[in-house]
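Participant: Provided below for reference: sequence and predicted model.
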Amino acid sequence: MSAAKKVEPISQATVRNLNDKLYDKRKLGAVEIEQQIKELNKQQDHDKIMEILIHLNDAFIRSTSVSSRKGGLIALAAAALGLGTDVGKYINQLVPPVLSCFMDQDNKVRYYACESLYNISKAARGLTLNFFNDLFDELCKLAADPDVNVRSAADVLDGLLKDIVTEGNQFDVELFVPMLSKRIYVTNTECRKFLVSWLIVLDSVPDIIEMVQYLHSFLDGLFVMLSDSSEEIRNVVGATLAEFLAQVKRKSSKVNFGNVVQIVLSHCATTDPYNYITSQTAVSWVTELITIGNNLILPYGSQILNSVLPCMAHTSRAVEELAKGANKRLLDLVTQTTESVDVKSFLGAVQSQLLNQRVPTRLAALRWVLTLYLRSSSELLGYIDDIFPALLKTLSDSSEEVVRLDLQVLAKLASNDVYFGRLMSSMIQLFRTDRKLLEHRGNLIIRQLSLSIKPEQIYRALSKILEPEEDAEFASTIIQSLNLILLTATELHELRSDLKNLSSDNSQDLFTCLYKSWCHSPTAVFSLCLLSQVYEHASDLVVKFGDLEVTVSFLIEIDRLVQLLESPIFIFLRLQLLEPQRYSYLFKCLYGLLMLLPQSSAFETLKNRLTSVTSLGVLQLIPKNPAEQPTLPAKINFSELLTTFVQRQQKHAEFLRRARIQNEQTSTSASQQVPPQDTLDKSDSGILSASSSMQMIPDLRGSGSSSSK
């Protein structure tokens, strides 16, 4: 006997109707299913209902026939309606089969899938949320469906789902957030609209769902969306971010500040073609987060600096102003807080930003060093080795404004004796390796430092460092520069006054200290003697000048000195020429200087000055009463100083000879064509005129305003 034929759970008529190509026939089959399920549910025939639902999935939903899949979808919706309040018992047999059709190749099937799940969700309400992640993922994809009807149906289902989520507390946000974090980076504009709409809905019920505590999970994706090509998306995302920022203000204790800050900072430098809206939004968030987080922000201070300071010189004026505001907020916080600050990390950020190409950023970085110093100088000095080299390098900055501020910072650090000495030594080394810096910025550096540090302290320190200097060329060059600054800079007026009157032990000691290093330059030490009015010793120096090897550079130095004698600095000296009997050694000095000069413009200038005072002969200037002559300070051993000068110049001469020999050996061909010009015949005035005309010092007749040069 053959096995009994298997009985289907639904009638053949219903099967034919559900498989029919006509919608009305399928709808009729669905009504039959609804009635059958309703009757079985009354009878509490659970097994039979399960059998029907499984059969609908196997025979229809999984069918290769499009009509059968459509029939199966409408039948499952009808079954849900027939189950009524008991639909929850069979939710696992209703929702998954429908979800499997959301990505069906046939657009009609996708449409019916949305319609079917709408009806199931309407019956099941909150029970549908058990499948929320899968449903959300599918709806996100359908938001970009090519068929307008499918998108419309998905939108209707999406609206119902939002109502269900917001009407109760069954939504599992912790389960949903990982899905959101994954989908937030979609690039399709319609999908982005879908995601943002959900964030708006979830944020609208903070009493039920506190999305702000998961902000770090999707914030980055929102900032990425600000670069979307759709203005609508940009506006909606901007408004959404503003609302979340308001939530952060209200519920700051629930915000993961560390992750949020790092996400926001990563977008401060984002470039987009829409007026830098991403950067503007990010920097404005930074400003608010500093205010909201207060001390919680401090551990991220260095990261904020690295992101905000570059924006202070942004292409967008709006971003630039916002960055300035954020920087000021952080400055105020660091200045006022009583909490500990990671100075080392801040200095690391400052050091990095000192290399930035834009001036406002470098200036802001230097102001941070000042802020940290004023907050706790001892703490900053503990990490000085980390920042000191960068500050020294900044002295070579192309911006004078940056150099001035850098010098203020260095002056503050130099208030510590150890670092003052280190600053002076490092500065000399910097000038040694970068002669152009000495030439173009030496004046500015010394004068600016003199505004913050006593000039006497600076000059004493530099003099002691330079005294044993063996590089004759460098020593002569830097001493000439220091001497010119000493004689002309407004900032050094008090120092000049001390040297002009050697009445105190300190001023005499200062003179001696400077003299020993000024010996590297004959004209510098000579002008120092003129400034200090030790004319008798100056006249001895002039005599010694006759023993020196006369070079072009030496004559140019004398040329410059003559110009200085005509400047306001030496008015006192020119007036003393009116008393030839009292200041006979002054006349001897100047006539000696005149004899050293070849026939040149400098010679004529000095000769005219001397002859305008008196027409008396030199022999008539010998004092009739020696007691009237100014006496040399007794505590200064001028004989020893003169010996020091002679010995120093002998070393210079030997150094120059060796250098000349070496140059001749390395450039033989050049020396055969052009005669050596380092040594000059004392009577050759043409070379001096040509050389001095190119290397004249600035006109110092208006030196009262020299500080502005």
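Facilitator: That came through, no problem.

Participant: Mind listing what's buried along stretch 205-222?
Facilitator: Neighbour-count burial for stretch 205-222 flags 209-222 (criterion: 16 or more other CB atoms under 10 Å). All C-beta atoms are positioned from the backbone trio N, CA, C, and that covers glycine.

Participant: Which of these fall in helices?
Facilitator: With helices taken from DSSP state H, the overlap with the buried residues of stretch 205-222 comprises 215, 216, 217, 218, 219, 220, 221, 222.

Participant: Could you look up the SS state of residue 603?
Facilitator: Using DSSP: H, G, I helix; E, B strand; the rest coil, the secondary structure recorded for residue 603 is helix.

Participant: Next up, phi/psi of the nearest residue to it once chain neighbours are set aside, please.
Facilitator: In space, residue 603 comes closest to residue 597 once its chain neighbours are excluded; the distance is 4.3 Å by CB to CB, 6 or more residues apart in numbering. Note on residue 597: backbone dihedrals following degrees, to the nearest 10 are phi -80, psi 140.

Participant: How about residue 551?
Facilitator: For residue 551, the backbone dihedrals are phi -120, psi 170 (criterion: degrees, to the nearest 10).

Participant: So what pairs up with it in the strands?
Facilitator: Beta-bridge pairing of residue 551 under DSSP bridges involves residue 679.

Participant: Compute the number of surrounding residues for the residue nearest to residue 376 when sequence neighbours are not counted.
Facilitator: On the basis of CB to CB, 6+ apart, the spatially nearest residue to residue 376 that is not a chain neighbour turns out to be residue 343, at 7.4 Å. Taking other CB atoms under 10 Å as the neighbour definition, residue 343 ends up with a count of 22.

Participant: ok, residue 343 touching residue 373?
Facilitator: No: using CB atoms under 8 Å, residue 343 and residue 373 do not qualify as a contacting pair, with a distance of 9.8 Å.

Participant: Identify the residues contacting residue 8.
Facilitator: In this structure, residue 8 makes contact with 15, 55, judged by CB atoms under 8 Å, 6 or more residues apart in numbering.

Participant: Could you pull out the buried residues of the host helix or strand of residue 153?
Facilitator: Residue 153 is part of helix 148-166 when elements are defined by DSSP states H and E. Taking 16+ other CB under 10 Å as the basis for neighbour counts, the residues of helix 148-166 that come out buried are 150, 151, 153, 154, 157, 158, 160, 161, 162, 164, 165.

Participant: Make a markdown table from the residues you listed and add pLDDT to it.
Facilitator: Shown next, in a markdown table, are the buried residues of helix 148-166 (pLDDT from 0 to 100):
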| residue | pLDDT |
| --- | --- |
| 150 | 96 |
| 151 | 96 |
| 153 | 96 |
| 154 | 96 |
| 157 | 96 |
| 158 | 96 |
| 160 | 95 |
| 161 | 95 |
| 162 | 94 |
| 164 | 93 |
| 165 | 92 |
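
Participant: how far away is residue 329 from residue 265?
Facilitator: Shown here: residue 329 relative to residue 265, a distance of 14 Å by CB to CB, to the nearest Å.

Participant: now do residue 375
Facilitator: For residue 375, the distance to residue 265 equals 23 Å [CB to CB].

Participant: which of the two has more neighbours?
Facilitator: Ranked by neighbour count (other CB under 10 Å), residue 375 and residue 265 place residue 265 first, with 21 against 16.

Participant: Read off the pLDDT value for that one.
Facilitator: Model confidence at residue 265, given as pLDDT, is 95.

Participant: Check the secondary structure at the nearest residue to it once chain neighbours are set aside for me.
Facilitator: Using CB to CB, 6+ apart and skipping the chain neighbours, the partner closest in space to residue 265 is residue 307 (4.1 Å). In terms of secondary structure, residue 307 is helix; the call rests on three-state DSSP.

Participant: can you give me the helices for the stretch 151-300 of the chain?
Facilitator: Using DSSP state H, counting those that start in this stretch, the helices of the stretch 151-300 of the chain run over 173-183, 189-203, 215-225, 231-250, 257-265, 277-293.

Participant: follow-up on the earlier one: export the buried residues of helix 148-166 to JSON lines and append columns for distance to residue 498.
Facilitator: Output for those, formatted as JSON lines (distance: CB to CB, whole Å):
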{"residue": "150", "distance to residue 498": "93"}
{"residue": "151", "distance to residue 498": "89"}
{"residue": "153", "distance to residue 498": "94"}
{"residue": "154", "distance to residue 498": "89"}
{"residue": "157", "distance to residue 498": "91"}
{"residue": "158", "distance to residue 498": "86"}
{"residue": "160", "distance to residue 498": "91"}
{"residue": "161", "distance to residue 498": "87"}
{"residue": "162", "distance to residue 498": "84"}
{"residue": "164", "distance to residue 498": "89"}
{"residue": "165", "distance to residue 498": "84"}
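
Participant: now, among those, which is nearest to residue 135?
Facilitator: Taking CB to CB as the measure, residue 135 lies nearest residue 161 of the buried residues of helix 148-166, at 6.8 Å.

Participant: Now for the closest one: which residues touch it?
Facilitator: Contacts for residue 161 were tallied using CB under 8 Å, 6+ apart; they are 121, 128, 132, 135, 136, 139.

Participant: Might you report the residue contacts of the second one?
Facilitator: Contacts for residue 128 were tallied using CB under 8 Å, 6+ apart; they are 91, 95, 117, 120, 121, 135, 161, 164.

Participant: what do you get for the last one?
Facilitator: Under the criterion of CB under 8 Å, 6+ apart, the contact list for residue 139 reads 102, 154, 157, 158, 161, 194.

Participant: before we move on, what about the fourth one?
Facilitator: If a contact means CB under 8 Å, 6+ apart, then residue 135 has 95, 99, 117, 128, 161 as its contacts.

Participant: what about it, helix or strand, and which?
Facilitator: Assigned by DSSP H and E, residue 135 belongs to helix 132-142.

Participant: Go through that helix and flag the buried ones.
Facilitator: When burial is assessed from 16+ other CB under 10 Å, helix 132-142 yields the following buried residues: 132, 133, 135, 136, 138, 139, 140, 141, 142.

Participant: now these in TSV, with pLDDT and distance to residue 411?
Facilitator: Rendered in TSV, the data for the buried residues of helix 132-142 read as follows (pLDDT from 0 to 100; distance: CB to CB, whole Å):
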residue	pLDDT	distance to residue 411
132	94	65
133	94	63
135	95	68
136	95	62
138	95	68
139	96	65
140	95	61
141	94	65
142	95	68
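
Participant: Turn the residues you listed into CSV, columns for distance to residue 240.
Facilitator: As requested, the buried residues of helix 132-142 are arranged in CSV below (distance: CB to CB, whole Å):
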residue, distance to residue 240
132, 21
133, 21
135, 22
136, 17
138, 23
139, 19
140, 17
141, 21
142, 22
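
Participant: Tell me which stretches of this structure form strands.
Facilitator: In the chain, no segments count as strands under DSSP state E.

Participant: Which pLDDT value goes with residue 693?
Facilitator: 34.

Participant: The closest residue to residue 108 other than its chain neighbours - how many residues pack around it?
Facilitator: Beyond its immediate neighbours in the sequence, the residue positioned closest to residue 108 (CB to CB, 6+ apart) is residue 70, lying 6.5 Å away. Other residues lying near residue 70 total 27 when counted by other CB under 10 Å.

Participant: again with the one 10 residues further on
Facilitator: Here the number of neighbours of residue 80 (other CB under 10 Å) works out to 27.

Participant: Test my guess that it contacts residue 127.
Facilitator: No: distance between residue 80 and residue 127: 10.4 Å, which falls outside the contact criterion (CB under 8 Å).
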